[in-house]
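Enquirer: turn this into a model:
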Amino acid sequence: MINIQTVSLLDLMPPSIRNDSAMAAAAIALDTQLQGITNMIAALDIFGRSAEWTDAETDELAWQYNPPYYDPDLPLDQKRLLIKNAIAFHRHKGTAGAVEDLIAILFGEGAVEEWWQYGGDPYHFRVVTNNADVTTIRAQEFVSAVDAVKRLSAVLDSVTISQAEELPLYFGGFLHFGETITI
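Expert: Okay, the predicted model is just below:
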């Protein structure tokens with residue numbers, strides 16, 4: 001297979017004209033121009049080079065793709081993820097999966113529990129997350145982010161913080177066979 005980034009016109013020419021010095025010189029002269037155009041084409045792949053986006057570029061792309069809950073003050077990595085997933089968010093807006101995906105990008109892990117899963121009122125849901133900042137520092141930001149992708153008819157009942165900690169647990173046992181015990 002021919003790689004368009006490294007191919008030379010001289011390699012593509014048939015042997016009958018490759019040996020002509022004028023044709024070979026013309027092919028070599030065109031190679032530099034075609035390589036420049038090839039590099040410009042590679043730069044057109046916006047999402048392929050998302051790791052290179054600057055803050056200004058992410059803000060412009062956010063205006064274009066309109067991701068849900070875009071804040072210019074977010075860290076650059078989160079802004080890049082929001083823009084890369086903007087089309088998917090618009091396709092799945094109003095679903096529990098869209099809420100979970102947005103929570104995962106902005107706040108870490110999170111899960112949506114629908115009303116029938118916990119015995120709530122119809123069209124209500126709650127969110128379970130492991131980010132303790134959701135209830136203190138970034139509570140309003142969390143609610144605004146969920147509101148950006150949830151169904152308009154759905155009501156957020158509560159946000160539950162689920163935290164798992166490793167606790168040292170010690171247990172022992174004693175087995176005795178015999179007549180007397182001396183401790």
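
Enquirer: from here on, just use CA atoms for contacts and neighbour counts.
Expert: OK.

Enquirer: what about the most centrally placed residue in the chain, which SS state?
Expert: Closest to where the C-alpha atoms of the chain average out (C-alpha atoms, centre = their mean) is L81, at 3.9 Å. With DSSP: H, G, I helix; E, B strand; the rest coil as the basis, L81 sits in helix.

Enquirer: excluding its backbone neighbours, what's nearest it?
Expert: Distances taken as C-alpha to C-alpha, 6 or more residues apart in numbering place I105 nearest to L81, at 7.0 Å, with adjacent residues excluded.

Enquirer: picking up where we left off before, state the distance from the residue nearest to the centre of the chain to E60.
Expert: 14 Å (C-alpha to C-alpha, to the nearest Å).

Enquirer: tell me which residues touch T135, please.
Expert: Applying C-alpha atoms under 8 Å, 6 or more residues apart in numbering to T135 gives the contacts V159.

Enquirer: one more: T54?
Expert: T54 neighbours (C-alpha under 8 Å, 6+ apart): L76.

Enquirer: my guess is the residue nearest to L81 contacts R80, does it?
Expert: No: the pair I105 and R80 does not pass the contact test of C-alpha atoms under 8 Å, sitting 10.0 Å apart.

Enquirer: more neighbours, these two?
Expert: A side-by-side neighbour count of I105 and R80, using other C-alpha atoms under 10 Å, places R80 first with 24 against 16.

Enquirer: quick one: the helices in the protein?
Expert: Here the chain has its helices, by DSSP state H, at 9-12, 15-18, 21-43, 55-65, 76-84, 86-92, 96-107, 115-118, 139-149.

Enquirer: so which elements touch the fourth one?
Expert: With contacts defined as 3 or more C-alpha pairs under 8 Å, 6 or more residues apart in numbering; DSSP states H and E, the secondary structure elements packing on helix 55-65 are helix 76-84.

Enquirer: now the longest one
Expert: Packing partners of helix 21-43 (3+ C-alpha pairs under 8 Å, 6+ apart): helix 9-12, helix 15-18.

Enquirer: how about the contacts made by S153?
Expert: Y123.
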